[in-house]
Structures are given as structure tokens and as C-alpha cells.
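Colleague: requesting a structural model of the entry that follows:
(chains A and B)
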Amino acid sequence: MANPTTTLTNSASYEAPRSGTWDGGNEPFKVSYGKLMMWFFLLSDAFTFAAFLTTYGMVRHRHLAYTGTAADFKFSSAYWPIPEKVFNSFPGLHGMDIPLAFVALMTMILIVSSVTMVLAVEAGHRMDKNDVQKWLLWTLLFGGMFLGCQAWEWTHFITGSDHGLLMADGSTVYGANLQVNEYGPVLFADLFFFITGFHGTHVFSGLCLLTYAFIATTNGTFHKRGHYEMIEKIGLYWHFVDLVWVFVFTFFYLI
Amino acid sequence: MAHHAPEHEYTADGHAVHGKANVKPILKALAWIVGITAFEFLLAFTMDASTLRNSIFIILTIFKAFFIVAEFMHLRHETKGLIWSILVPMALLVWLLVALITEGSAVGEAIFGAAH
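Modeller: Below you'll find the model as predicted:
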């Protein structure tokens, strides 16, 4: 028969793993398929976040900038606010002006969680199940703390200050949502919700993956498999979330 | 091929990786990131907002990103091909950023006049 499929199914090598240079047996990047695809996924995710931050830069330059001194700053929807005047509160210290302290704490928590994640990956290299479990738990704890901080930050941003902002029509606006904003132009609040919200969603997905990794480690799944590569892949994702925060922190809170 | 046992180049002296943890490079990267962040806060409160200060912030951020990607994400120890396939597409984003910020300024000028 001239049917080409017959020849293929009859081939004995069809069942054997492919090992030739040009039929899938070559690994030019010397990483597994899963790790490589995680890298490329993160690259595409970086494009998404870059689009968000670029939009922030574009919208900010489209608005008027505040030109006076920081001491005289007053909230107005006429110009873009100075971040240290918007993000200046700390849980439990109501009404005090503590610029950027809370976001500094959040940044440190996330960086420390990244370190505990590296330590989990490192323990995986040594096939040390107990250490992997220990460092995954620490990472889960710090990641959860970060999300809790963000929940507080959002609540404060949405609720607003005691005095609010007097609008031209005589009404007073408290806090911010997608339509009104006491801190400045409406788009400032919109971008805050979208950028920190999208990042927070990533942290949440990371926590789900870490929870799975912890359960699987405890069950001995990776130990039986002979390697802890899954921890490495989740680690790559988790560091990426930390990396994005470093940029969000600079562009949203410092500049 | 499909078997990816513990990383080989993990210890500098080439020993099998069972046993003691090798955390020195990790803690060094952490120290850099924390130090840079502390310096950024110092600048935020001692220096008036200006293009120079913003430029310093962005450069320091890229330094922090280097430590996270190179050390935490292990990219420094991957093959050159993988390193470039991640870095080259990222470089294009700088172009996007500059182009759209210029565009935003132009829109602002059209709305508020040249004084913008």
C-alpha cells in the first residue's frame, strides 16, 4: 500500500524517545521544556505589565504636573498628585503624615519572600524535603502578609481622608473609585487600581501555586519524581512577581 | 534528556549538592537590593523632585532588577542563547515607553497649550 501512515506506525522508533539532533533530542538552552516555557510566559507577562506602566507614563505626561513645593501641596483634580502626599498613612497611626513608610514595609516583605523562595529552590537541589517544606511555608506567610497589606492599602485609598476634596460644584469627595478621586485626576485612581490590582492578582495566583507545591512536597510527589523542578518553575514565577513590584514601586510611589 | 536532576553548577567547588546549603550569593543579592531600596528612600526625602532624581531612581531600579533576574531567577547561570532571548525583547519595551511618553506630552500640549 502506498499509504504513508502505514510506514509511520510500523516504525519501531516511533515508541522510543527521540534522541537525534534534529528530531527533538537536542536542548540548545540546556533547560527543560517546562522551565523554558515558564521563561517565555514570564516574558509575555512582562509585556503586559510594561504596557500598564507605559500607559501610566503616557497618561501622567498628558496631565499637568504640580510645580509648587512639596510643603505647599494641596490635592486637586487639576494636576497629577505627588505620591508621597497620597501614600502617607500607616495602620494604627491615624491622621499622621508618614510618607511611603507602609509601601516600604510591603516592599521589604515581598523581597524577603523572594529570598525564602530561593532557599526553597536551593533545598530542592539538595533533595532536602524538610527544608523545602520549611521555606515554602515562610514564602506563603510573607506572600500572604503582602496581600493583607495591599488589602489595607486599597481600603484606605477607597475610604479616603477625613477632610476629603471640595469640588467645583460644592460637593465633597471622599476617597477614590473608578469615577471620582479625592487625590487628583480620576485616571490616577484608575491606574492605581489596575496596576496594583493586576500585580495583586499575580501574588494571589503565586500563593495558589505555592499552596499546591507545599501539599505536593509534603506528599512526597517531587521526592518520588527524583527532582524538585516544579519548585524551580514556581520560584521563577514568584521572583517575577517580586520583580514587577520593584518597577511598580519606582514608577508609582517614587517618581 | 528529559531527566533534570539537581543542578550541577550549583556549588562552586563542584561537590555533590547534598548536605550544607549554599546561601552566600543569595544573601549578597539580598543585601544589594535592600541597600539600594534604602538609598532610594534617602533620596526621596533629601532631594527635590527633578528629572535627575527620576533618572537616578530608574537606574537604581534596573540594578535591583538585575539582582533579582540574575541571581534569584538564576538567569546569569543559563546559556547565552536563553539570556539573549529574554533580554532582547525586553529592550524593545524601552522604545515603547519613550514613544508613548512623548505622545502623552504632545496630547497634553494640545489640551493645555505650550505652557504645559
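Colleague: and the residue of chain B found nearest chain A, helix, strand or coil?
Modeller: Closest residue of chain B to chain A, CB to the nearest CB: B:Gly104 (3.5 Å). Every C-beta, even on glycine, is put in place using the N, C-alpha and C of the backbone. Following DSSP: H, G, I helix; E, B strand; the rest coil, we place B:Gly104 in the helix state.
Colleague: pretty sure it contacts A:Thr55?
Modeller: No. Using CB atoms under 8 Å, B:Gly104 is not in contact with A:Thr55; the gap is 9.1 Å.
Colleague: neighbour-wise, which of those two wins?
Modeller: More crowded of B:Gly104 and A:Thr55, by other CB atoms under 10 Å in any protein chain shown: B:Gly104, with 20 against 17.
Colleague: OK, contacts around that one?
Modeller: A:Gly57, A:Met58, A:Val59, A:Arg60, A:His61, A:Arg62 (CB atoms under 8 Å, 6 or more residues apart in numbering or on different chains).
Colleague: what do you get if the cut-off is 10 Å, keeping everything else the same?
Modeller: The contact partners of B:Gly104, taken as CB atoms under 10 Å, 6 or more residues apart in numbering or on different chains, are A:Thr54, A:Thr55, A:Tyr56, A:Gly57, A:Met58, A:Val59, A:Arg60, A:His61, A:Arg62, A:His63.
Colleague: equivalent analysis for A:Leu147, please.
Modeller: A:Leu147 sits next to A:Met106, A:Ile109, A:Gly200, A:Val203, A:Phe204, A:Gly206, A:Leu207 when contact means CB under 10 Å, 6+ apart.
Colleague: quick check, pLDDT for the second one.
Modeller: Read it as A:Ile109. Here, the pLDDT recorded for A:Ile109 equals 96.
Colleague: can you tell me the element it falls in?
Modeller: helix A:101-125 (DSSP states H and E).
Colleague: just the last one next, same as before
Modeller: When secondary structure is defined using DSSP H and E, the element that contains A:Leu207 is helix A:186-218.
Colleague: report the distance from that helix to the chain centre.
Modeller: Relative to its chain's centre, helix A:186-218 lies at 6 Å (CA atoms, centre = their mean, to the nearest Å).
Colleague: do the helix or strand harbouring A:Val246 and chain B meet?
Modeller: A:Val246 is located in helix A:229-248, with elements delineated by DSSP H and E. Yes. Helix A:229-248 comes into contact with chain B (CB under 10 Å from any CB of the partner chain), by way of A:229, A:232, A:235-240, A:242-247.
Colleague: can you give me the pLDDT of the residue nearest the centre of chain B?
Modeller: Central residue of chain B (CA atoms, centre = their mean): B:Ala65, 1.5 Å from the mean position. The model reports B:Ala65 with a pLDDT of 94.
Colleague: one more: B:Leu52?
Modeller: On pLDDT, B:Leu52 comes in at 92.
Colleague: check the contact between A:His199 and A:Val244; I expect there is one.
Modeller: Yes. The criterion here is CB atoms under 10 Å, and A:His199 meets it with A:Val244 at 5.7 Å.
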